[in-house]
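Enquirer: fold the following.
(4 chains)
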Number of protein chains: 4
Amino acid sequence: MNGNVPSIAAEGRHVYALRVYYEDTDAGGVVYYANYLRFAERARTEALRALGIPHAELVEQFSLMFVVRRAEMDYLRPARLDDSLVVGTEVEEVGGASVRLRQTTAAADGTALTIVRVQLACVSPGGERPRRIPARWRAGLRSMMAATDKNRGGVAGGSGG
Amino acid sequence: MNGNVPSIAAEGRHVYALRVYYEDTDAGGVVYYANYLRFAERARTEALRALGIPHAELVEQFSLMFVVRRAEMDYLRPARLDDSLVVGTEVEEVGGASVRLRQTTAAADGTALTIVRVQLACVSPGGERPRRIPARWRAGLRSMMAATDKNRGGVAGGSGG
Amino acid sequence: MNGNVPSIAAEGRHVYALRVYYEDTDAGGVVYYANYLRFAERARTEALRALGIPHAELVEQFSLMFVVRRAEMDYLRPARLDDSLVVGTEVEEVGGASVRLRQTTAAADGTALTIVRVQLACVSPGGERPRRIPARWRAGLRSMMAATDKNRGGVAGGSGG
Amino acid sequence: MNGNVPSIAAEGRHVYALRVYYEDTDAGGVVYYANYLRFAERARTEALRALGIPHAELVEQFSLMFVVRRAEMDYLRPARLDDSLVVGTEVEEVGGASVRLRQTTAAADGTALTIVRVQLACVSPGGERPRRIPARWRAGLRSMMAATDKNRGGVAGGSGG
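Expert: Residues are numbered from 1 along each chain as shown, chains lettered A, B, ... in the order given. Sure, this is the predicted structure:
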């Protein structure tokens, strides 16, 4: 159903498909603004699973979890009932105890509808102090980030001029 | 904000007011059908608190909690954005390990919009076996039920034969 | 992604798979009780689509829509974070202006968790008076119901060979 | 239940109280991260109403509405089941066709839990082009903003003496 580890790491981008149902919309006839954060959470849960580092394992093996510290959302165009949407997840930054993701919700034709940036912190459940992300998780996130940069031309992309 | 113990028990009915916001509606322009269960949960949480038997205390002192075993919902008329609604909660039956409530969501003018009947079971957290409702809780629920019956004329409403 | 018309009609049962995310759960550690109605709505939307009678078409071509008049829910066992669930949708009754569905949410191993029965009424948008279900929709729903009965042994189970 | 026009404008801050119910929480035992946006929407709807410029009137009289263009959220501390929370709404900037609000969700003792900043654009329903905010709305929002600045000592607060 979802890509496997190598492909995700190689492509530098995880893609999650969903459909808009009545539950997601509001009386304005469009997707309710808070619900893009629900879509983003579904998508990044599957992205981690596809990377081979499922969140549940992080909790069980290391007693650690990711929590959202900050989110920035830009609403570009509305989505409507019955729309087929795609949430693309990319890794923008991996620190010792935090990760920043960029998640774009797009229409079936690729038009970007919302862009969500989330800063996740690694903590122990119930705790608030940042804790170091285990090596295997960090490595997985970094390889995905490296592939993103490469496929995009990278940060230093064509500094040639 | 909510009535106190004597009045609730005396009236046999707890009343909880709420307003409909965008989050509650769907693209049909009305309150999404599952959300009446959210309204009902808010209302019965406050009803128990007003009765002097808050749910949190049940969990902390007795390691027991109420879970919903069955719900029946009748949708009579839709509610819309900005509507002021009132959820009335009445006790229909109190057993050794279960309670049945009747919760009516009504418009400001009293017109009934939905009727929800919920069967709650008392269980230990994580468990599924029914457990006896502590005496004080049972007494509170029964006094509320008795007042309901009385104010309504009761089931055996003295039909005089 | 979903079965096509013949298979659905032939099997008499539509199956919709979903995963439980944080958004679906509550502080009790289980899926919040109202959210099974969200799952049921997703599943029956896809069931109608798979039957070749998508709800959007009903609205656009006939200015009609289905609304929920009544729902009955039995909660048998809880679902938890990360669970893979399956919602099975069957047609129990097709009237001139109404349909009754039976929707069972089950764990991956087939254990039933909740059973939802919904009574849908066909109405014009904004209206409340029942309206006749268009012939093609009724035929689709009836063929699915007939297949269900047959595969189950039917109501009159064992019609003599 | 809510302050009236003069007091809101004078205080430069609208306060909205709410309680955390099961529907708001997730399996982590805390309020689900997207739900602070629901709280913020409830609070700013009531803030506009208290200012005497209810959103419904904007839609009906002027065929205009506010939509969220951008939101920034900082999560400082978690809220839990049964907590009593307060959402404070302040106006940070009023443009010709947009408004920026700062909405802080705090615990009963005043501890800030989340800070949401939303950029609202005035548009015609269904449209995406910015439209001028009607004069009365702009005046109401500006008087509230002025009071905020004054009560805070303003940006140029000159602590000097």
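Enquirer: C-alpha from now on. contacts and neighbour counts both.
Expert: Noted.
Enquirer: for A:Glu57, what are phi and psi?
Expert: Dihedral angles of A:Glu57 (phi, psi; degrees, to the nearest 10) stand at phi -70, psi -40.
Enquirer: now A:Glu72: closest residue in space, sequence neighbours ignored.
Expert: Ranked by C-alpha to C-alpha, 6 or more residues apart in numbering or on different chains and with sequence neighbours excluded, the top spatial neighbour of A:Glu72 is D:Glu72, at 4.4 Å.
Enquirer: same deal with A:Asp83?
Expert: Here the residue nearest A:Asp83, using C-alpha to C-alpha, 6+ apart, is A:Val20, at 5.4 Å.
Enquirer: quick one: contacts for the one you found?
Expert: The neighbourhood of A:Val20, defined by C-alpha atoms under 8 Å, 6 or more residues apart in numbering or on different chains, consists of A:31, A:79-85.
Enquirer: which pLDDT value belongs to it?
Expert: With respect to pLDDT, A:Val20 scores 97.
Enquirer: repeat that for A:Arg131.
Expert: 96.
Enquirer: now A:Pro125
Expert: At A:Pro125, the pLDDT recorded in the model is 82.
Enquirer: now do the SS call for it.
Expert: Here A:Pro125 is recorded as coil under DSSP: H, G, I helix; E, B strand; the rest coil.
Enquirer: that one reaches A:Val67, doesn't it?
Expert: No - with contact defined as C-alpha atoms under 8 Å, A:Pro125 does not count as touching A:Val67 (9.2 Å).
Enquirer: between the two, which one's more packed in?
Expert: A:Val67 (20 against 14; other C-alpha atoms under 10 Å in any protein chain shown).
Enquirer: so in terms of bridging, what pairs with that one?
Expert: Following DSSP bridges, A:Val67 is listed with bridge partners A:Ala121.
Enquirer: how much space between it and A:Arg100?
Expert: According to C-alpha to C-alpha, to the nearest Å, A:Val67 and A:Arg100 sit 11 Å apart.
Enquirer: overlap of the contact sets of the two?
Expert: What both A:Val67 and A:Arg100 touch, as defined by C-alpha under 8 Å, 6+ apart, is the set A:Leu120.
Enquirer: hmm, which two among the contacts of A:Val20 are most spread apart?
Expert: A:Val31 and A:Ser84 (12.1 Å; C-alpha to C-alpha).
Enquirer: more crowded one of those two?
Expert: Per other C-alpha under 10 Å, whichever of A:Val31 and A:Ser84 has more neighbours is A:Val31, with 24 against 16.
Enquirer: give the contact list for that one.
Expert: By C-alpha under 8 Å, 6+ apart, A:Val31 lies in contact with A:20, A:24-25, A:78-81.
Enquirer: would you confirm that A:Ala43 contacts A:Val86?
Expert: No - in terms of C-alpha under 8 Å, A:Ala43 does not count as a neighbour of A:Val86; the distance is 9.1 Å.
Enquirer: overlap of the contact sets of these two?
Expert: A:15-16.
Enquirer: list the buried ones in the longest helix seen in chain A?
Expert: Longest helix of chain A, by residue count under DSSP state H: helix A:135-152. Within helix A:135-152, the residues that count as buried by 16 or more other C-alpha atoms under 10 Å in any protein chain shown are A:137-138, A:140-150.
Enquirer: okay, it in CSV with CA atoms only?
Expert: What follows is helix A:135-152, C-alpha atoms only, in CSV (Å, rounded to 0.1, in the frame of the first residue of the first chain):
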residue,chain,number,x,y,z
ALA,A,135,20.7,6.6,15.7
ARG,A,136,18.6,4.4,13.3
TRP,A,137,15.8,6.9,13.2
ARG,A,138,18.2,9.8,12.6
ALA,A,139,19.9,7.9,9.8
GLY,A,140,16.6,7.1,8.1
LEU,A,141,15.4,10.7,8.3
ARG,A,142,18.8,11.9,7.0
SER,A,143,18.9,9.6,4.0
MET,A,144,15.4,10.8,3.1
MET,A,145,16.5,14.4,3.4
ALA,A,146,19.6,13.8,1.3
ALA,A,147,17.6,12.3,-1.5
THR,A,148,15.2,15.3,-1.4
ASP,A,149,18.0,17.7,-1.7
LYS,A,150,19.6,15.8,-4.5
ASN,A,151,16.4,15.4,-6.5
ARG,A,152,15.6,19.1,-6.1
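Enquirer: name the nearest residue to A:Ala56, ignoring sequence neighbours.
Expert: C:Asp82 (7.9 Å).
Enquirer: for C:Glu41, see how far away the residue nearest to A:Asp83 is.
Expert: For A:Val20 relative to C:Glu41 (C-alpha to C-alpha), the value is 11 Å.
Enquirer: sorry, back to before: C:Asn35 versus the residue nearest to A:Ala56, what's the distance?
Expert: 15 Å.
Enquirer: got it, and A:Arg102?
Expert: 28 Å.
Enquirer: so who does A:Leu120 touch?
Expert: A:66-70, A:98-101.
Enquirer: just put these in JSON lines and tack on distance to A:Thr114 and pLDDT.
Expert: Conversion of those to JSON lines gives the following (distance: C-alpha to C-alpha, whole Å; pLDDT from 0 to 100):
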{"residue": "A:Phe66", "distance to A:Thr114": "22", "pLDDT": "94"}
{"residue": "A:Val67", "distance to A:Thr114": "21", "pLDDT": "94"}
{"residue": "A:Val68", "distance to A:Thr114": "18", "pLDDT": "97"}
{"residue": "A:Arg69", "distance to A:Thr114": "19", "pLDDT": "97"}
{"residue": "A:Arg70", "distance to A:Thr114": "16", "pLDDT": "98"}
{"residue": "A:Ser98", "distance to A:Thr114": "23", "pLDDT": "97"}
{"residue": "A:Val99", "distance to A:Thr114": "20", "pLDDT": "97"}
{"residue": "A:Arg100", "distance to A:Thr114": "17", "pLDDT": "97"}
{"residue": "A:Leu101", "distance to A:Thr114": "14", "pLDDT": "97"}
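Enquirer: any chance of JSON lines for the residues you listed, columns distance to A:Glu60?
Expert: Below are the contacts of A:Leu120 laid out as JSON lines (distance: C-alpha to C-alpha, whole Å):
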{"residue": "A:Phe66", "distance to A:Glu60": "13"}
{"residue": "A:Val67", "distance to A:Glu60": "16"}
{"residue": "A:Val68", "distance to A:Glu60": "19"}
{"residue": "A:Arg69", "distance to A:Glu60": "22"}
{"residue": "A:Arg70", "distance to A:Glu60": "25"}
{"residue": "A:Ser98", "distance to A:Glu60": "19"}
{"residue": "A:Val99", "distance to A:Glu60": "20"}
{"residue": "A:Arg100", "distance to A:Glu60": "23"}
{"residue": "A:Leu101", "distance to A:Glu60": "23"}
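Enquirer: quick check: A:Ala107 touching A:Gly88?
Expert: No - under the criterion of C-alpha under 8 Å, A:Ala107 is not in contact with A:Gly88, lying 11.0 Å apart.
Enquirer: any regions of chain A where pLDDT drops low?
Expert: Residues of chain A that meet the criterion pLDDT under 70 lie in A:1-10, A:153-161.
Enquirer: quick one: the helices in it?
Expert: Going by DSSP H, chain A shows helices at A:5-11, A:35-50, A:55-62, A:135-152.
Enquirer: quick check: angle from the last one to helix A:55-62?
Expert: Spelled out, that is helix A:135-152. Per axes from the mean of the first three to the mean of the last three C-alpha atoms, to 10 degrees, the angle that helix A:135-152 makes with helix A:55-62 is 150 degrees.
Enquirer: against which helices or strands is helix A:135-152 packed?
Expert: Secondary-structure packing of helix A:135-152 (3 or more C-alpha pairs under 8 Å, 6 or more residues apart in numbering or on different chains; DSSP states H and E): helix A:5-11, strand A:84-94.
Enquirer: and the angle from it to helix A:35-50?
Expert: Using the same axes, to 10 degrees: helix A:135-152 against helix A:35-50 is 110 degrees.
Enquirer: repeat that for the third one.
Expert: Using the same axes, to 10 degrees, one finds that helix A:55-62 and helix A:35-50 are set 60 degrees apart in direction.
Enquirer: buried residues of helix A:55-62, list them for me.
Expert: A:55-56, A:58.
Enquirer: so can I have JSON lines of those residues showing distance to B:Val118?
Expert: Formatted as JSON lines, the buried residues of helix A:55-62 follow (distance: C-alpha to C-alpha, whole Å):
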{"residue": "A:His55", "distance to B:Val118": "35"}
{"residue": "A:Ala56", "distance to B:Val118": "33"}
{"residue": "A:Leu58", "distance to B:Val118": "38"}
